[in-house]
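Visitor: Next comes the sequence, and after it the predicted model I'd like to discuss.
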Amino acid sequence: MIEAVELTKRFGDKTAVDRVSFTAEPGTVTGFLGPNGAGKSTTMRMIMGLDRPTGGSVRVNGRAYRDLGAPLCEVGALLDAKGMHGSRSARAHLTQLAVSNGIPTKRVNEVLEMTGLMNVARKRVKGFSLGMGQRLGIAAAMLGDPGVLVLDEPVNGLDPEGVKWVRETCRALASQGRTVFISSHLMSEMAQTADQLLVIARGRILARGPVDEIIAQATSDVVRVVSPQADTLAQALASRGVETSSPSPGTLTTTAAPAHVVGDIAAAARVTLHELTTQHASLEEAYLTLTSGETEYTTGQATGGSAPARQQAPATV
Ligand SMILES: Nc1ncnc2c1ncn2[C@@H]1O[C@H](COP(=O)(O)OP(=O)(O)OP(=O)(O)O)[C@@H](O)[C@H]1O
């Protein structure tokens, strides 16, 4: 597992990571979400021993990275897919990495197979597309068959098939009992991939927990009701303390009561309903609520900007 306790990193007077504590557990995909400059990459670099904490600590399987006997066999990372060069083939790159880390070279074929790169194994890495580079980065992370994986924006720039592949790979790795720690900007993707979320902004953890709890904590479900007697219904609801809005004639919305309560009040008032639906918030909406005003870089409209349209169907989480 990964355990961070009061983890802090300052660059001069800039605090990039500010007393961050969390645990990423085996068998779980933990999604690490936050706006640009939130401190995600710096946190991941400290996990991998590439940046030294200014304060606090982070341990992988109970030890600091520098104290791991065979680091690649305990924790694999995709931190910068462009970090590999260039004139070597994918196979040569992985073989060199295996040899220098005491990993049997037969493992190279296994990770090439696993990441779908076998057909391009002889191709030079500099000719790789972004998606192939990301796959090669994940192959390198998997080389030591580690129990812990740290993936920084692994779906960046991938086409839908590549995104789906990363999602399924993360789920499969977690189901094998591995700890998967993954950052991403793609909310809908994280909602489908992660079991647990950590939301970070300006170096601090804003929220943590299962995806559906984060959505429930940061947002309210909206009940939408359509009725030919909307005015009568609005009065009946108001008399029971349920305030409504009317976005269009014949339609009412409320966050003050769940759908079954609205339905019961309508029945008691003998009001005909043509529609009664609960509109669930998305993770994107929860994320925008949580990080409103917390982004370091904005265009002037993105910060706390308009929430995305609600999904009528229950959110897939
Ligand atoms: N080597 C460095 N020297 C100075 N400041 C740095 C350094 N590395 C990161 N920072 C600053 O620390 C803050 C956190 O950066 P970090 O790259 O960890 O954020 P991030 O959440 O990964 O962002 P992004 O999603 O844009 O990659 C930013 O303000 C960044 O400018």
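Guide: That came through, no problem.

Visitor: next SSE after the host helix or strand of S188?
Guide: Applying DSSP states H and E as the criterion places S188 in helix 187-193. Note on helix 187-193: by DSSP H and E, the next helix or strand toward the C-terminus is strand 196-201.

Visitor: Can I get that following strand as CSV, trimmed to CA atoms?
Guide: Only the C-alpha atoms of strand 196-201 are listed here, as CSV (Å, rounded to 0.1, in the frame of the first residue of the first chain):
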residue,chain,number,x,y,z
GLN,A,196,-11.7,5.7,-3.9
LEU,A,197,-11.0,9.3,-4.7
LEU,A,198,-8.7,11.9,-3.3
VAL,A,199,-9.4,15.5,-4.5
ILE,A,200,-6.5,17.9,-4.1
ALA,A,201,-6.3,21.6,-4.8
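
Visitor: List the contacts of the next helix or strand after it.
Guide: For strand 196-201, the following helix or strand on the C-terminal side (DSSP H and E) is strand 204-210. Residues from elsewhere that reach strand 204-210, judged by CB atoms under 8 Å, 6 or more residues apart in numbering: 18-22, 195-200, 214, 217-218, 290-291, 294. The C-beta positions use only the backbone N, C-alpha and C, and glycine is treated the same way.

Visitor: For this structure, what lies in contact range of the ligand?
Guide: Within reach of the ligand by CB under 6 Å from any ligand atom, the chain has these residues: 11, 14, 16, 34, 36-42, 296.

Visitor: Name only those of the residues you listed that count as buried.
Guide: For those, a neighbour count by 16 or more other CB atoms under 10 Å gives the buried set as 16, 34, 37-42.

Visitor: got a list of what S21 touches?
Guide: By CB under 8 Å, 6+ apart, the contact set of S21 is 4-7, 56, 205.

Visitor: taking the buried ones among the residues of the chain next to the ligand one by one, which sit in strands?
Guide: A16 (DSSP state E).

Visitor: Based on its surroundings, how many neighbours for the closest residue to M187 other than its chain neighbours?
Guide: Distances taken as CB to CB, 6 or more residues apart in numbering put E284 closest to M187, at 3.9 Å, once the chain neighbours are dropped. A count of nearby residues for E284, using other CB atoms under 10 Å, gives 18.

Visitor: Cross-check the contact I'm expecting between E284 and L186.
Guide: No. E284 lies out of contact with L186 (CB atoms under 8 Å); the separation is 9.2 Å.

Visitor: what residues are shared contacts of these two?
Guide: Common neighbours of E284 and L186 (CB under 8 Å, 6+ apart) do not exist.

Visitor: wait, what's in contact with the residue nearest to G55 when sequence neighbours are not counted?
Guide: Nearest non-adjacent residue to G55, counting by CB to CB, 6+ apart: T8, 3.7 Å away. Applying CB under 8 Å, 6+ apart, we find T8 in contact with 15, 17-20, 53-56.

Visitor: Got the confidence number for Q96?
Guide: Listed pLDDT for Q96 reads 93.

Visitor: what's around it, how many residues?
Guide: 13.

Visitor: Surely it forms part of a helix?
Guide: Yes. Counting by DSSP: H, G, I helix; E, B strand; the rest coil, Q96 is part of a helix.

Visitor: Distance check, the closest residue to it other than its chain neighbours against T253.
Guide: Nearest non-adjacent residue to Q96, counting by CB to CB, 6+ apart: R88, 7.2 Å away. Between R88 and T253 the computed distance is 59 Å (CB to CB, to the nearest Å).

Visitor: for R202, same thing?
Guide: 33 Å.

Visitor: Repeat that for A259.
Guide: 11 Å.

Visitor: tell me, what's touching the two both at once?
Guide: The contact sets of A259 and T253 overlap at V223 (CB under 8 Å, 6+ apart).

Visitor: what about the residue nearest to Q96, how many neighbours?
Guide: Using other CB under 10 Å, R88 is surrounded by 15 other residues.

Visitor: now R19
Guide: R19 has 15 nearby residues by other CB under 10 Å.

Visitor: State the helix or strand in which it lies.
Guide: strand 14-24.
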